[in-house]
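Asker: Here is a sequence together with a model predicted from it:
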Amino acid sequence: MAVWVDLTAVVAGRMMNGNPSLVPSARSGARLTASTSVIIAMAIGITLVGALESLSWWPFAPFLWVHSVLCIVLALAVRPSPNAWPHQQPLWKPKRAFFIGLAVGVSCIVGFIAIYYAIFQGLNIASASDANLWHVMRNIFQESALRHGKIMTLICAFLLLGVWAPIGEELFYRRLLYNGLRQRWTFGLSAACSASFFGIRHALQLLFIMPEHSYPWWAGVAYFIWAGMFGLLFSWLYEKTRHLAVPAALHALNVLWSPIVIYVMLYK
């Protein structure tokens, strides 16, 4: 669609007495509008695929293999315009951004845990298990161990969380989704939208416990905030450096310990 609009604009410009001033505005505006809508549609599609793969009847649940492949394929096949942010220059060097991001990330983790613990302690007993994200995730991986075996569960967790996530999620949610939206929107709106899709996809992974249990809304909201918080941080660092390696490196630090946590959930 975007290619057809571009060609149409060029032909129209030539037909109108060869006036080149009409071509860039028509072509650029149409292409950027189409790119934004298509990118959002892809984000919705990726989210739905992740939700489908999280359902308990899916044979490979709770691991999102199709979603993982699609994220990389789409991010490599669909590239936003290289002219994004044409009037801005990188503000920070990657090394500086990494350590700033590390400090902010650790502060966010400490703040999240403190607030989450305070809220959790204030809930009544009936809703305690629903609000306990650790309890919900442990149930998910213990059920996965019953289905696929403990060793296979650990291998899948290492591949998807420790290896794929810093690459695949950064390629799709930052390089494609955030970058594509940023060509048209402000930083705040682009970061909020991409982080929201990031958070929703994580929260939908808790669908795995259904239909035996109702959806754990408290834990789902907590997981959405957790992932969305880092989605905002990674978008901010990408905005400040224009280097995807910076959020990818911090993302790797955040998720490399996940297989260790899952090991504790399964064996301790």
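Answerer: Sure thing, it's come through.
Asker: For this protein, which residues score under the pLDDT cut-off?
Answerer: Of all residues in the chain, those with pLDDT under 70 make up the ranges 1-35, 80-90, 124-128.
Asker: quick one: the residue nearest the centre of it and residue 97, what's the gap?
Answerer: Residue closest to the average C-alpha location in the chain (CA atoms, centre = their mean): residue 198, at 3.3 Å. To residue 97, residue 198 is 19 Å away according to CB to CB, to the nearest Å. Glycine gets a C-beta too; all of them are placed from N, C-alpha and C.
Asker: on that earlier part again, so the residue nearest to the centre of the chain makes contact with residue 231?
Answerer: Yes - judged on CB atoms under 8 Å, residue 198 makes contact with residue 231 at a distance of 3.8 Å.
Asker: In contact with the residue nearest to the centre of the chain, which residues?
Answerer: If you count contacts by CB atoms under 8 Å, 6 or more residues apart in numbering, residue 198 has them with 169, 173, 227, 228, 230, 231.
Asker: What about the third one, how many residues nearby?
Answerer: To tie it back to what came earlier, the one meant is residue 227. Applying other CB atoms under 10 Å, we find 22 residues neighbouring residue 227.
Asker: For residue 224, see how far away the closest residue to it other than its chain neighbours is.
Answerer: Distance criterion CB to CB, 6 or more residues apart in numbering; nearest residue to residue 227, sequence neighbours excluded, is residue 202 at 3.8 Å. Distance check for residue 202 against residue 224: by CB to CB, it reads 7 Å.
Asker: what's the closest non-adjacent residue to residue 56?
Answerer: Per CB to CB, 6+ apart, closest to residue 56 is residue 208, 5.6 Å.
Asker: how many other residues sit next to the one you found?
Answerer: Counted with other CB under 10 Å, the neighbours of residue 208 add up to 23.
Asker: Buried residues of the strand or helix carrying residue 109, list them for me.
Answerer: Using DSSP states H and E, residue 109 sits in helix 94-122. By 16 or more other CB atoms under 10 Å, the buried positions in helix 94-122 come out as 97, 98, 101, 105, 116, 120.
Asker: Also stretch 132-147?
Answerer: Under the neighbour-count criterion of 16+ other CB under 10 Å, stretch 132-147 has 132, 133, 136, 137, 138, 139, 140, 141, 143, 144, 145 buried.
Asker: how distant is that stretch from the center of its chain?
Answerer: 22 Å (CA atoms, centre = their mean, to the nearest Å).
Asker: swap in stretch 62-75?
Answerer: 12 Å.
Asker: can you map out the helices along the stretch 51-200 of the chain?
Answerer: Under the criterion DSSP state H, counting those that start in this stretch, the stretch 51-200 of the chain carries helices at the ranges 65-77, 94-122, 128-131, 133-148, 150-157, 179-182, 187-203.
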